[in-house]
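Colleague: I would like to see how this sequence folds:
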Amino acid sequence: MLINPSQAHQARLLVAITFHYRKQRLQYLFQVIKSLSCFPIAALDIVVATNTIQAEEIESIKRMCGPLVGFAMESSTCFKSIEVRSFPGLINPLHLPWAHKHLILDQFLNAGGEYTHYLYLEGDIEFSFTNFLYFLKYRPPLRRLGLLPSFLRVEYGFADDQLYCTDQVGIVRTDNRPVVKLDGLWFVNVDNPYNAMFMLDDELAREYVTSRSFGMETSSDVHRWDVRERAAMGLCFENVPNGFFSRYVIPINPIDRTVPSFSYLYHTPNNYANDPDGPFGKILMTRLFLPGGRSAVAAQTL
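Modeller: Numbering: from 1, shown residues only. Next up is the predicted model:
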C-alpha cells in the first residue's frame with residue numbers, strides 16, 4: 001500500500017516539460033498536463049520548454065493545455081500555473097531537453113523552500129499522482145541505501161491489447177544482481193534504466209547541480225547515452241552503491257515477478273510497441289522479469 005494521499009497534500013512541485021513543437025504531438029502534451037493538473041497538492045507550477053517562437057504555435061499550447069490548469073485552480077485549494085518558454089536557435093535540436101536545467105538552480109533551489117520537488121518530463125511521458133505517491137513512500141528507505149525509486153515506461157499494443165515495456169530489449173534476470181527487500185517487494189536494477197524523466201527533492205537537486213551529469217558535455221563522461229538521453233539521466237549513474245550498476249531500482253513482486261503499476265510511466269505515443277521493425281517495446285510487462293533470484297544484499301522494512 002502506498003502512503004495516504006493526504007500526506008502529499010503539502011507538496012509543491014515545479015515541473016519542466018520539454019516539447020519539440022509538432023502540431024500532431026500536442027495531444028500527447030495535453031495528456032501529460034492533464035494528469036499533472038489533477039494532483040491534489042499545495043502548488044504546481046509547470047514550465048513547457050519548447051523550440052518554437054511562432055506566436056500561433058505557442059498560443060496553441062496555451063489554448064489546449066491552459067484550461068486544464070485553470071479548471072484545477074477553481075476546483076481545489078492548489079495554486080497552479082503553466083508557462084511556455086521558447087528556446088530558439090539551438091545548435092542542435094537534440095539540445096532542447098537541456099534548456100530547462102537553469103530552473104533547478106534559479107527557480108527551485110534559490111526559491112527559499114517554495115517548492116518541495118522538481119520534476120522533469122519529456123513531452124509525452126504521463127506522470128500520475130500514484131507515481132508521485134510511490135516516489136514519496138520509497139525515497140526515504142532507499143535513500144539509506146544510496147538508491148532511488150524509479151519507473152518503467154509502458155505502452156499499449158494495439159494488436160493484442162496488452163502492455164509492453166518501452167525501454168527493455170530483453171527479459172531481465174534477477175539471479176545475477178543484488179536485490180533490496182521492502183514491504184514484500186524486491187527492488188532491482190533493470191538493464192536499461194532510461195525513462196525520459198527524473199524527480200528531485202532538495203537534497204537530490206543539490207547533489208545533481210554539482211555532479212558531472214548536470215552538464216551537457218561532462219555528462220558524456222558519466223555514461224555513453226546520446227545527448228538527448230543524458231539530459232534525462234538525472235542522478236542515475238552518480239554515486240552508485242557497490243554491487244549495483246545504477247541508482248535506479250524498480251519494484252517487483254517476488255512471487256510472480258510482475259511490476260506494480262504504480263511504477264508505470266505511460267509513454268503516450270505507443271510508437272515502439274506498435275513498430276514491428278524496432279527492437280524496443282516488444283517485451284510484455286507480465287513477462288519482463290525472469291523467474292529465479294538470489295538472497296537480498298540489503299533489507300529494510302517500512
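Colleague: can we go C-alpha only for contacts and neighbour counts from here?
Modeller: Noted.
Colleague: Wait, Y156 touches Y272, no?
Modeller: No - counting by Cα atoms under 8 Å, Y272 is not a contact partner of Y156; they are 9.4 Å apart.
Colleague: what element comes up after the helix or strand that L136 is a member of heading to the C-terminus?
Modeller: According to DSSP states H and E, L136 maps onto helix 129-143. Using DSSP H and E, the next helix or strand after helix 129-143 towards the C-terminus is strand 148-149.
Colleague: Tell me which residues are up against that next one.
Modeller: Strand 148-149 is contacted by residues 134-135, 138-139, 142, 247-250 when judged by Cα atoms under 8 Å, 6 or more residues apart in numbering.
Colleague: cool, stretch 218-225 as well?
Modeller: 212-213, 227, 230, 237-238.
Colleague: Any chance of those in TSV with distance to L105 and pLDDT as columns?
Modeller: Below are those laid out as TSV (distance: Cα to Cα, whole Å; pLDDT from 0 to 100):
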residue	distance to L105	pLDDT
R212	15	98
S213	14	98
V227	21	97
R230	18	98
F237	21	98
E238	19	98
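Colleague: Can you tell me which of those residues comes closest to P193?
Modeller: Minimum distance to P193 across the contacts of stretch 218-225 is 9.6 Å, recorded for F237 (Cα to Cα).
Colleague: Can you pull the phi and psi angles for the closest one?
Modeller: phi -110, psi 20 (degrees, to the nearest 10).
Colleague: residues in contact with the closest residue to it other than its chain neighbours?
Modeller: Nearest non-adjacent residue to F237, counting by Cα to Cα, 6 or more residues apart in numbering: S246, 5.1 Å away. When contacts are counted by Cα under 8 Å, 6+ apart, S246 touches 189, 193, 236-238, 240.
Colleague: try it again with 6 Å
Modeller: Going by Cα atoms under 6 Å, 6 or more residues apart in numbering, S246 touches 236-237, 240.
Colleague: Make JSON lines from these and add neighbour count and distance to V84 to it.
Modeller: Shown next, in JSON lines, are the contacts of S246 (neighbours: other Cα atoms under 10 Å; distance: Cα to Cα, whole Å):
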{"residue": "C236", "neighbour count": "23", "distance to V84": "28"}
{"residue": "F237", "neighbour count": "19", "distance to V84": "30"}
{"residue": "V240", "neighbour count": "16", "distance to V84": "35"}
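Colleague: Tell me the predicted confidence for the spatially most central residue of the chain.
Modeller: Most central in the chain under Cα atoms, centre = their mean is M197, positioned 3.2 Å from the mean C-alpha point. At M197, the model reports a pLDDT of 98.
Colleague: Run through the helices of the stretch 201-302 of the chain in chain order.
Modeller: With DSSP state H, counting those that start in this stretch as the criterion, the stretch 201-302 of the chain has helices at 202-209, 227-231.
Colleague: Among these, pick out the one with the most neighbours on average.
Modeller: The highest mean neighbour count among the helices of the stretch 201-302 of the chain, using mean count of other Cα atoms under 10 Å, belongs to helix 227-231: a mean of 21.
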